[in-house]
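> give the three-dimensional model of this entry:
(one chain, ligands or ions: 1)
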Amino acid sequence: MKHPKEERTYVMIKPDGVRKGLTGEIIRRFEQRDLKIVALEMFNPAHDKINDHYPKNEEWITRLGNKTLSTYEKYGYDAMVDFGTIEPAKIGPEIRKWLIDYMASSPLVKMVVQGVHAVDVVRKIAGDTMPYKADMGTIRGDFSIDSPALANKEKRAVMNIVHCSETPEEAEHEIKHWFGESEVYDYKRFGVDE
Ligand code: ADP
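This next block holds a predicted model:
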């Protein structure tokens, strides 16, 4: 069992976050909450590496489709008109493709964030996946208003500034995917580790 302070999560600042000049602000919010940045890099993403980052299973892809459908229903939009189908399993792959094209469209910043309940706390700091729903005081709630209602009309993914892992298991998998062992650092933070 790991010590509670050793929980780690994987975060990527997405193209809209980098291009809005939010890199420093995002890191500041994690550090302010006593979380520790233990790996950090800006890089140009390869399309294939992004493709392998996002799950390929049907459950995850259908979930993407369902998110669009529920927003379409709420606002009275017709998925048939925009997607030619109302089946979430068929809408999902289209959204996954938009997501990968979007993620590969500009430099990204990747990092590993460590601390107590790092996975849940980072997701809380990030806010709801859909920025229009995200609470004020969260990264997405303070710096974006995007929604699938708009994004899907424009045939693109929802721009929500950051990616962060959903579970500790997913985090370990994503950290291995994006960083070598020697690129993740070990140091003691004043006031947190000593
Ligand atoms: P999270 O990033 O909060 O874990 P998901 O794993 O559900 O959210 O989705 C991955 C990413 O796909 C989201 O961050 C968002 O950029 C994009 N996305 C999710 N659902 C939709 C949708 N219905 N339409 C467009 N883009 C979406």
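
> what's the mean pLDDT across stretch 114-123?
Mean pLDDT, stretch 114-123: 98.

> which residues touch that stretch?
Contacts with stretch 114-123, where a contact means Cβ atoms under 8 Å, 6 or more residues apart in numbering, come from 4-9, 11, 30, 33-38, 113, 164-168, 171, 192. Every residue, glycine included, has its C-beta placed from N, CA and C.

> list the buried residues in that stretch.
For stretch 114-123, burial by neighbour count (16 or more other Cβ atoms under 10 Å) applies to 114-115, 118-119, 121-123.

> ok, of the contacts of stretch 114-123, which come out buried?
Buried among the contacts of stretch 114-123 by 16+ other Cβ under 10 Å: 7-9, 11, 30, 35-38, 113, 164-165, 168, 171.

> same for the ligand: which of the contacts of stretch 114-123 are within range?
residue 166 (Cβ under 6 Å from any ligand atom).

> mind listing which of the contacts of stretch 114-123 are in strands?
Counting by DSSP state E, the contacts of stretch 114-123 place 8-9, 11, 36-38, 113, 164 in strands.

> ok, the residues you listed vs the ligand, which is closest?
The closest of the ones in strands among the contacts of stretch 114-123 to the ligand turns out to be residue 164 (Cβ to the nearest ligand atom; 7.0 Å).

> just grab the bridge partners of that closest one for me.
residue 11 (DSSP bridges).

> around the ligand, which positions in the chain sit nearby?
Residues of the chain lying near the ligand by Cβ under 6 Å from any ligand atom: 64, 67-68, 95, 99, 129, 148, 151-152, 157-158, 160, 163, 166.

> output the residues you listed as TSV; include the columns secondary structure and pLDDT.
TSV is the format used below for those (DSSP: H, G, I helix; E, B strand; the rest coil; pLDDT from 0 to 100):
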residue	secondary structure	pLDDT
64	helix	94
67	helix	90
68	helix	90
95	helix	96
99	helix	97
129	coil	96
148	helix	91
151	helix	95
152	coil	92
157	coil	97
158	coil	97
160	coil	98
163	strand	98
166	coil	97
